[in-house]
Structure formats: C-alpha cells, structure tokens
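Visitor: One predicted model, sequence on top.
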Amino acid sequence: MFEGVVLKLQHFMTIPPGQHKLPPLPYPYDALEPIISSTLLQIHHDRHHKAYVDGLNKAELETAKSRQSKDFSLIKHWERELAFHGSGHILHSIYWTIMAPRGMGGQPGRRTQNLIANYFGSFPAFKEQFSAAAVDVEASGWAILVWNSSWRRLEILTAEKHQDLTQWGSIPILVLDVWEHAYYLDYQNRRKDYVDAWWQLVNWYEVERRLLLAMGGLTPLTLNNF
Ligand code: MN
C-alpha cells in the first residue's frame with residue numbers, strides 16, 4: 001500500500017530531460033511590497049529564474065545526446081551546467097514558496113520551534129546565526145536551513161556558489177570517491193583503472209534500499225504539487 005503510493009507519487013513527479021518549467025509565483029508581483037518591489041520581483045522571477053530553467057533544460061538535453069552518441073568529451077562542462085542551473089532552479093522555486101505577503105506568513109509552527117530550539121538553543125539564537133551567515137556569504141550565495149536526513153536534525157548551511165557540489169534537494173544514492181587518497185596507493189595516477197574496476201564492488205542491494213528510502217524524502221518545488 002505505502003509502496004504503491006510512493007511509486008504513484010514518483011511517477012507523477014518524474015520530469016523528463018529538458019522538460020522543466022518555470023513555476024508561477026504563488027502571489028502577484030506586488031504582493032511582497034514594500035519589502036521587495038514589484039519590479040525587482042518580476043525581473044528576478046521572469047528573467048533570472050527562467051534563465052536557470054532554460055539552462056537546466058539545455059544541459060539535460062546535451063547530456064542525453066552525449067549518452068546516445070557516447071561522446072563524453074564535454075561532460076565536465078555539462079555536469080557543471082547541470083549543477084549550476086539545477087541548483088538555481090530548485091533554490092529559487094523554494095525561495096518563492098517560503099515567502100508570503102507581509103503579515104500573512106504566521107508564526108513558526110510547533111515542530112519548527114521545537115527542532116530549532118533543540119539544536120540552536122533558542123529561536124533568537126537560530127535567527128542570529130542565520131542572518132550572520134546570510135550577510136557574510138559571497139558570490140551566488142544563499143543561507144539555507146536544512147533538514148539533514150542522515151543525522152535527523154536541522155543545520156544552517158550557506159552556498160557560496162550554489163552550483164558547487166550539488167543540485168540542492170538531491171539525495172545521494174550511489175557515490176564514488178575519486179579523491180586521490182581513495183586510489184592512489186593502488187592505482188597511482190590511473191584513476192580510470194580504479195573507476196573501471198570499482199564497478200565490480202557495488203552493492204546493488206544497498207543501492208536499491210537507498211533509492212526506496214530517498215523516494216520518501218520529497219522536495220516540493222511549488223505549494224501545491226502534492
Ligand atoms: Mn536569485
């Protein structure tokens with residue numbers, strides 16, 4: 001029963017390569033005034049966010065072409081584009097949904113309050129750290145309150161370049177360590193030999209288990225997806 005629901009949701013939410021769409025703002029352009037002006041919000045959403053969506057679609061289509069042609073000569077470039085535009089799309093989508101017209105956003109819910117108090121000590125302490133982190137972050141920067149699903153608790157993270165490391169919202173399933181310490185003693189500079197041989201070690205039972213668990217950890221991009 002539960003698995004059926006998960007699979008149904010997963011099917012509903014699967015986005016084919018190159019098919020991402022700019023989600024509409026959940027309020028009119030002037031809804032956040034006077035904190036954020038109508039003009040700023042329109043440019044930010046309609047142009048900047050749209051550029052991320054377009055860039056992500058292009059990167060996905062190009063990597064799909066690479067898989068077909070088996071030409072991976074530009075894979076480093078397209079992987080970077082996937083991360084930069086994918087993270088931009090996901091983070092902006094979330095940003096729109098966690099704002100509301102002034103005075104309409106209510107108060108922190110009980111679960112939010114409890115988890116924040118448990119980890120940060122108090123709500124003011126959380127707010128102070130979050131603001132300080134946001135003020136000091138550089139480049140394409142974000143302050144992000146995250147739920148760490150491995151440690152079952154909150155953390156404040158910053159993204160200095162939101163493309164580094166991730167498409168935010170993704171959950172790792174299968175990982176390969178390619179830092180030199182992982183192979184140099186055995187393979188020296190022949191990383192490809194290590195990578196090719198490594199496939200014989202994969203525990204596919206664990207990959208399947210992790211996939212099913214991750215499918216329960218949804219990351220909504222709009223207010224009303226599900
Ligand atoms: Mn932005």
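Guide: Perfect, I can see it now. Residues are numbered from 1 along each chain as shown.
Visitor: now the helices: where do they sit in the protein?
Guide: Here the chain has its helices, by DSSP state H, at 2-13, 38-43, 50-69, 75-97, 110-120, 123-136, 184-187, 191-198, 204-214.
Visitor: Residue ranges of each domain in the chain, please.
Guide: The chain breaks down into these domains under automatic domain parsing: 1-106, 109-164, 171-226.
Visitor: Adding mean neighbour count and mean pLDDT, write those out as CSV.
Guide: (Each C-beta comes from the backbone N, C-alpha and C, glycine too.) Listed next are the domains of the chain as CSV, based on neighbours: other CB atoms under 10 Å; pLDDT from 0 to 100:
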stretch, mean neighbour count, mean pLDDT
domain 1-106, 14, 90
domain 109-164, 14, 86
domain 171-226, 12, 78
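Visitor: Just list the residues touching the spatially most central residue of the chain, thanks.
Guide: By CA atoms, centre = their mean, the chain has its centre lying nearest to W168, at 1.6 Å. Contacts for W168 (CB atoms under 8 Å, 6 or more residues apart in numbering) come out as 87, 90-91, 144, 159, 162.
Visitor: Against S38, how distant is it?
Guide: 27 Å (CB to CB, to the nearest Å).
Visitor: again with S66
Guide: Applying CB to CB, the value for S66 to S38 is 41 Å.
Visitor: doesn't Y194 make contact with D186?
Guide: Yes - the pair D186 / Y194 is scored as a contact, 7.2 Å apart, by CB atoms under 8 Å.
Visitor: first to last residue in stretch 106-113, what's the distance?
Guide: 13 Å (CA to CA, to the nearest Å).
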